[in-house]
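Chemist: Test case, fold it:
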Amino acid sequence: MDDTLVQTSLDFAAIKRDIGCPIKDDILTFISNLSCSKQQSEANRVVLDHELHDAQTSVWLPGAEAFVEVARLHALPLAIVTRNCRQATELKLNRNNIGIDIVFTREDAPAKPDPTALLSIADRWQIETHEIAYLGDYIYDIQAAHNADMQAWLYKYQAGISDYKTCLSYIEKPKA
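Modeler: Okay, here's the model as predicted:
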């Protein structure tokens, strides 16, 4: 969702600084590995504050709404898998009137790059995983798609380009 459908203002360096997470570490993994439940709770609160602030300022990326509408016109099934919390996700969905019904947050399934959410979607749709294209903007999205045996498409918004398709790149799964 973030930086594929809506613009995000999340400052991951600031979040890491605020919770004491090393710059090269994954935030969610860092928090889950904290041994003190009080520290975990405080770190989760800090992340939630950042996510809610970001959600309150979220807007559609140029071309993303039209892309979703074209997908709907072609009766393509759509779903969202995000590492965001449910509360921030719902705020973004409501604020931007994003009518995609299947949404997995980090509370619904293990966070990407774990493929659990993607596999659940494929099962729900009754579609073979290799027939599904997963679009994302970050390495975890590409890894999750590959882990689920889905097509991985990297989307990188470029200011001034209103054609959503121009910013898409197919990322082939590395050979084992």
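
Chemist: part of a strand, is residue 109?
Modeler: No. Assignment of residue 109 by DSSP: H, G, I helix; E, B strand; the rest coil gives coil, placing it outside any strand.

Chemist: Pretty sure it sits against residue 103.
Modeler: No. Assessed by CB atoms under 8 Å, residue 109 is found out of contact with residue 103, at 10.7 Å. Glycine gets a C-beta too; all of them are placed from N, C-alpha and C.

Chemist: joint contacts of these two?
Modeler: Both residue 109 and residue 103 are in contact with residue 81, where contact means CB atoms under 8 Å, 6 or more residues apart in numbering.

Chemist: my read: residue 58 touches residue 96, true?
Modeler: Yes. Contact criterion CB under 8 Å: residue 58 and residue 96 qualify, at 6.2 Å.

Chemist: If you count neighbours, what's buried in the helix or strand bottoming out on mean pLDDT in the chain?
Modeler: Least confident helix or strand of the chain, by mean pLDDT, DSSP states H and E, is strand 168-171 with a mean of 82. Residues of strand 168-171 classed as buried under the neighbour-count rule (16 or more other CB atoms under 10 Å) are residue 171.

Chemist: got any residues that touch both of residue 58 and residue 96?
Modeler: Common contacts of residue 58 and residue 96 (CB under 8 Å, 6+ apart): residue 6.

Chemist: if we can go back for a sec, could you spell out the sheet neighbours of the least confident helix or strand of the chain, each with its direction?
Modeler: Using DSSP bridges, strand 168-171 pairs in its sheet with strand 151-155 (antiparallel).

Chemist: mean confidence score for the partner strand?
Modeler: The pLDDT scores in strand 151-155 average 94.

Chemist: Stretch 41-55 now?
Modeler: On average, the pLDDT along stretch 41-55 is 98.

Chemist: Work out the gap between it and the centre of the chain.
Modeler: Here stretch 41-55 is found 16 Å from its chain centre; the criterion is CA atoms, centre = their mean, to the nearest Å.

Chemist: Offset the numbering so it begins at 5, please.
Modeler: Will do, 5 is the new start, and the previous item becomes stretch 45-59.

Chemist: List the contacts of it.
Modeler: By CB under 8 Å, 6+ apart, the list of residues contacting stretch 45-59 reads 6, 12-15, 18-19, 22-25, 31, 34-35, 38, 88-89, 91-93, 95-96, 99.

Chemist: Nice, that's everything, thank you.
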